[in-house]
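> quick one, fold the following:
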Amino acid sequence: MNRRDLFKSSLAVSALALTSARAEADPRPAAAEFPKAPGLTKSVAEFIVNSKYEDIPADVIDLGKKSILDGFGLSLAGSASVMGPIARKYVQSFGLGEQHASVIGTGMKSHSRFAAFVNGVSIHADDFDDTQLSAAKDRIYGLLTHPTVSVLPPAFAICVLTRRSGKDFMLAYHLGVEIECKIAEAISPRHYDEGFHSTGTCGSFGSTVACAKLRGLDVMRTQYALGIGATEGGGFRNNFGSMTKPFQAGHAAENGTVAADLAALGWTASDNILEAPLGFFQAAGGGFDPDAIVGRFGKPWTLVSPGVSIMPYPSGSLSHPAMGEMMRLIHEHDIKAADVEKVDVGANHAMTTSLLHHQPTTGLQGKFSMEFCMSILLLDRKAGLVQFQDKVVQRPDVQEMVKRIHFYIDPEAENAGLDKMTSIMKITMKDGKVYSGRAEFAKGSPSNPMSYDEVADKFRGCAEFAKWPTAKTEAVIATVKSFENEADMSKLVAALMA
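This is a model prediction of the structure:
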């Protein structure tokens, strides 16, 4: 054997030994086989292309109207948030020529792409928008996808520009919400557990679906649009409590307009982006559950089961059961903040990691702080849009009360499962009395739903925060209630524009 052959042989032996050593030292289990669901993306595209308004059951339409009204109200409130002027200034910097799509809450018009972005940011600005629920115990309450924010803005923009009917709008909206939620339900929980913001990722699909339907794309071009939209999606939970969380939602709303427009022009992409071994489910989640999505579109519709929650408070939804229970105890026992020694709030680990600001100093951080939410209810006996402002969070009495709130992982709440928001509360008074409570779901959830009139009251509060004229406020409420009778968006535009 010559020197070269000896060298090669030695390298081979060394490499084999190193590989064996690494295998013995690596405690990680072998990766599970990636699930097989051939034709999944195509089946999504076919569902989009073939679905008609008449295919949507009446109860699903009624549930959708509540979320749609809620979304329009939040877009008004968000237009008056600190993010509203910044988002509008950013869009105006492009100096676009023809500008036709409506930026809600203003007199401004823009390209549909950027109108969708600004209106999406506005809807999510106060973290007050509807939230997907979950059917499986290993999922953090539906992976916390906010379905309406990514679907309503692009659908509204395109319907305004092309003078589409209320039925056209609702069909596109329902398809977008349905597919977005089924994708979020199917993806491995690792997606959310390890930091992805599913409203920014799965929401990109919802936006793309609505836009593809309204653009009239065929099956193949819809598959391409889904491939483009998947690539555009993104967002990280570490941005919670900052302006970039609403940015991620607004960007998801924008993504569908880009994806559908490019696909309509002949742009290509993967035609199996969902199920491919190097596609969305694998790259973003490490896997998925085919049983949660294959053949499941509209069977049942997500808005019916497991349902979507409409938020009663402008904060992270995980705080809401505890907030509702706190309000019940406050009123039942006439609890005064000055008499409270401490408050213990137990929850599962997913809630403590999402409500991550334990010493908040801004309104945005307060939205993701159980400590602030409990404190402001004790002090003000309410927690509306006015309370989640920097100056309120920074009040000395609020900061002092925050120190008396103990938010912790409770074994009982942990064992209840991640599909619930179990909140176990104990209020200890200075005189030694103790008041206890427990809640798993909040007002607005499918188990305790808001009526259309209750959502209308929430809409009125959002409009009042934006200083919106009463006549226009009532016009939106009436128009959405009978949306199927609207020939175009003209009444809504008039009521939602300054």
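> how about low-confidence regions in the stretch 351-498 of the chain?
Within the stretch 351-498 of the chain, no stretch has pLDDT under 70.
> could you pull out the helices in it for me?
363-366, 370-380, 390-393, 396-402, 411-415, 452-465, 470-481, 490-496 (DSSP state H, counting those that start in this stretch).
> in CSV, list those helices along with distance to residue 445 and mean neighbour count.
Where you see a C-beta, it was placed from the backbone N, CA and C, and this is true even at glycine. Shown next, in CSV, are the helices of the stretch 351-498 of the chain (distance: least, C-beta to C-beta, whole Å; neighbours: other C-beta atoms under 10 Å):
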stretch, distance to residue 445, mean neighbour count
helix 363-366, 22, 25
helix 370-380, 17, 26
helix 390-393, 26, 16
helix 396-402, 27, 16
helix 411-415, 17, 14
helix 452-465, 13, 19
helix 470-481, 21, 17
helix 490-496, 27, 19
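> residue nearest the middle of this structure, spatially speaking?
residue 146 (2.0 Å; C-alpha atoms, centre = their mean).
> what sits against that one?
For residue 146, the contact set (C-beta atoms under 8 Å, 6 or more residues apart in numbering) comprises 124, 129, 130, 131, 132, 199, 203, 249.
> one step back: who wins for proximity to residue 278 among the helices of the stretch 351-498 of the chain?
helix 411-415 (35.0 Å; C-beta to C-beta).
> in this structure residue 337 contacts residue 402, no?
No. Residue 337 lies out of contact with residue 402 (C-beta atoms under 8 Å); the separation is 11.6 Å.
> tell me where the model's unsure across the protein.
In the chain, residues with pLDDT under 70: 1-32, 96-99, 135-144.
> hmm, 80 instead?
The model of the chain has pLDDT under 80 over residues 1-34, 95-99, 133-144, 418-419.
> quickly list the domain ranges of it.
As assigned by automatic domain parsing, the chain contains the domains 40-312+454-496, 317-439.
> including distance to residue 33, could those go into CSV?
Listed next are the domains of the chain as CSV, based on distance: least, C-beta to C-beta, whole Å:
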stretch, distance to residue 33
domain 40-312+454-496, 9
domain 317-439, 25
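> pick the most deeply packed of those domains.
domain 40-312+454-496 (a mean of 22; mean count of other C-beta atoms under 10 Å).
> ends of that one, what's the gap?
38 Å (C-alpha to C-alpha, to the nearest Å).
> is residue 238 in contact with residue 195, as I believe?
Yes. The pair formed by residue 238 and residue 195 meets the contact definition of C-beta under 8 Å, at 6.4 Å.
> which residues touch stretch 490-498?
Residues from elsewhere that reach stretch 490-498 (C-beta under 8 Å, 6+ apart): 72, 75-76, 102, 104-107, 156, 160, 472-473, 475-476, 479-480, 486.
> spatially nearest residue to residue 69, not counting backbone neighbours?
residue 480 (4.5 Å; C-beta to C-beta, 6 or more residues apart in numbering).
> from residue 184, how far out is the nearest residue to residue 187 once chain neighbours are set aside?
Nearest non-adjacent residue to residue 187, counting by C-beta to C-beta, 6+ apart: residue 285, 4.1 Å away. Using C-beta to C-beta, to the nearest Å, residue 285 is found at 10 Å from residue 184.
> try residue 421
When residue 421 is compared with residue 184 (using C-beta to C-beta), they lie 17 Å apart.
> over to residue 393?
Residue 393 is 30 Å from residue 184, by C-beta to C-beta.
> likewise residue 312?
Taking C-beta to C-beta, one finds residue 312 at 22 Å from residue 184.
> what does stretch 115-123 rub up against?
Contacts with stretch 115-123, where a contact means C-beta under 8 Å, 6+ apart, come from 71, 74-79, 81, 83-84, 87-88, 91, 101-105, 109-110, 129, 148-150, 152-154, 156-157, 207, 246-247, 249-254, 256-257.
> do the same with stretch 465-474
76-77, 79-80, 105, 384-386, 459-460, 463-464, 494-496.
> just to revisit the earlier point, so which of the helices of the stretch 351-498 of the chain is nearest residue 305?
Nearest of those (C-beta to C-beta): helix 452-465, 19.6 Å.
> return the distance of that closest one from the chain's centre.
Relative to the centre of its chain, helix 452-465 is centred 20 Å away, using C-alpha atoms, centre = their mean, to the nearest Å.
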